[in-house]
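Peer 1: My questions concern the predicted model and sequence given below.
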Amino acid sequence: MLTSNVFKTAAIQTVAVYILSLLSIANVSAADLTKGNIEKAMSEAYAKYKDLQEGANADYIPALAKVNPGIYGIAVVTTDGQVYSLGDIKSEVSIQSISKVFTLALVMEESGADAIYNNIGVDATGQVFNSIVAVEQNRGAEMNPLVNAGAITTTSMVQGTNYKQVWDKIIARYDQFAGRKLSVLDDIYKSEAATNQRNRAIASLMSAYGHIKSDPLEATDIYTKQCAVGVNAKDLATMAATLANMGKNPVSGKQVIKADNVPEILAIMATAGLYDDSGKWLYKTGLPAKSGVGGGIIAVSPGKFGIAVISPPLDKAGNSVRAQKTIEYISNALGGNPYNVTSR
Ligand code: DON
């Protein structure tokens, strides 16, 4: 009799522990993304890094050197549509290389993921983002859509019969990702267009190797314009959250791209989103991300949230110093690393 009671008690305890462990898994994936937890993580990160002054504005595009290095804006948008922002979220900076992700999304939508895989590639180049050596090494193959050669090629693959048609499609899709009408920062566009000889050379080379699908100089110009689109931290976080939510903007509720290609887009971001430092970044956060020389970084915690930080001073690899640290802090505090899960 005593033995059977002991067994019953042990069985009840085992069931109770199992139910509690299920509840704690549920807590990690959903309840952690409460208003209180998100705001706490954001304000701790802001306090920790607001006085950090490492890095320097990009200056190879002259207008970028003139942007206020003190801009510091943070935004988190969850896949259930909560929106949080902190710091300077009014100021817009140019989206720069972060745009590459969204033109890539458009081309995959129109032509399928294989078109990118076959014409550009999905491997890290191991070279700087505007490397000509990387193009030469493999005759324009074995690249990825997030370095300049691959990105200009991606832009050349947007379907359209003329400049205007292609541009209108690109900006319309960016608008849907951000959930508002975006526009080009004209001073940045003009400044880069006057100094982008290197990108024009890269495009001509990619064209010579047969990868560019339109006039290479026109593709470079459209690419330059897409890089000059003005965004604030909230815009970027909403764009990232749309990827976190399998292509559906969680604020507008609109399906911006079909879900099918999102895993491939995120894989490319994980491989090459922070250029030469993509490995270090993935090691610390586990997050697919993309940086731009305007000072923005977006990161995606699949199924959970998109996060973006704007702070113009960059490190040597071309990634915003404060944005990297801030995103790492907030995401890790919120359990954003997709590789860090609770065992069963
Ligand atoms: O083509 C360029 O050089 C710039 N429009 C974009 C480069 C960029 O953002 C690289 N980011 N880390």
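Peer 2: Good, I have the coordinates.

Peer 1: and the stretch 1-150 of the chain, which residues reach the ligand?
Peer 2: The interface of the stretch 1-150 of the chain toward the ligand, taken as C-beta under 6 Å from any ligand atom, is made up of 96-97, 129-130, 148. (Glycine included, C-beta is placed from N, CA and C.)

Peer 1: So among those, which ones count as buried?
Peer 2: 96-97, 129-130, 148 (16 or more other C-beta atoms under 10 Å).

Peer 1: how about the residues of the stretch 1-150 of the chain next to the ligand, which pair is most distant?
Peer 2: For these, the farthest-apart pair by C-beta to C-beta is 96 and 130; their separation is 11.9 Å.

Peer 1: ok, the closest residue to residue 136 other than its chain neighbours - contacts?
Peer 2: Sequence neighbours aside, residue 205 is the residue nearest to residue 136 in space, at 7.4 Å (criterion: C-beta to C-beta, 6 or more residues apart in numbering). Residue 205 makes contacts with 132, 135-136, 140, 149, as judged by C-beta atoms under 8 Å, 6 or more residues apart in numbering.

Peer 1: Could you measure from the residue of the stretch 101-250 of the chain found nearest the ligand over to residue 106?
Peer 2: The ligand sits closest to residue 227 of the stretch 101-250 of the chain, with a gap of 3.6 Å, by C-beta to the nearest ligand atom. As judged by C-beta to C-beta, to the nearest Å, residue 227 and residue 106 stand 15 Å apart.

Peer 1: out of these two, which sits in the more crowded spot?
Peer 2: residue 227 (29 against 23; other C-beta atoms under 10 Å).

Peer 1: check contacts around the residue nearest to the more buried one when sequence neighbours are not counted.
Peer 2: With C-beta to C-beta, 6+ apart as the criterion, residue 227 has its nearest non-adjacent residue at 4.8 Å, and that residue is residue 96. By C-beta under 8 Å, 6+ apart, the contact set of residue 96 is 227, 292-294, 296.

Peer 1: thinking again about what came up before, out of the contacts of residue 205, which are buried?
Peer 2: With burial judged by 16+ other C-beta under 10 Å, the buried subset of the contacts of residue 205 is 135, 140, 149.

Peer 1: Packing partners of the helix or strand hosting residue 103?
Peer 2: In this assignment (DSSP states H and E), residue 103 forms part of helix 99-111. Judged by 3 or more C-beta pairs under 8 Å, 6 or more residues apart in numbering; DSSP states H and E, the packing partners of helix 99-111 are helix 113-119, helix 148-156, helix 163-178, helix 216-227, helix 233-244, helix 262-272.

Peer 1: Cheers, nothing more for now.
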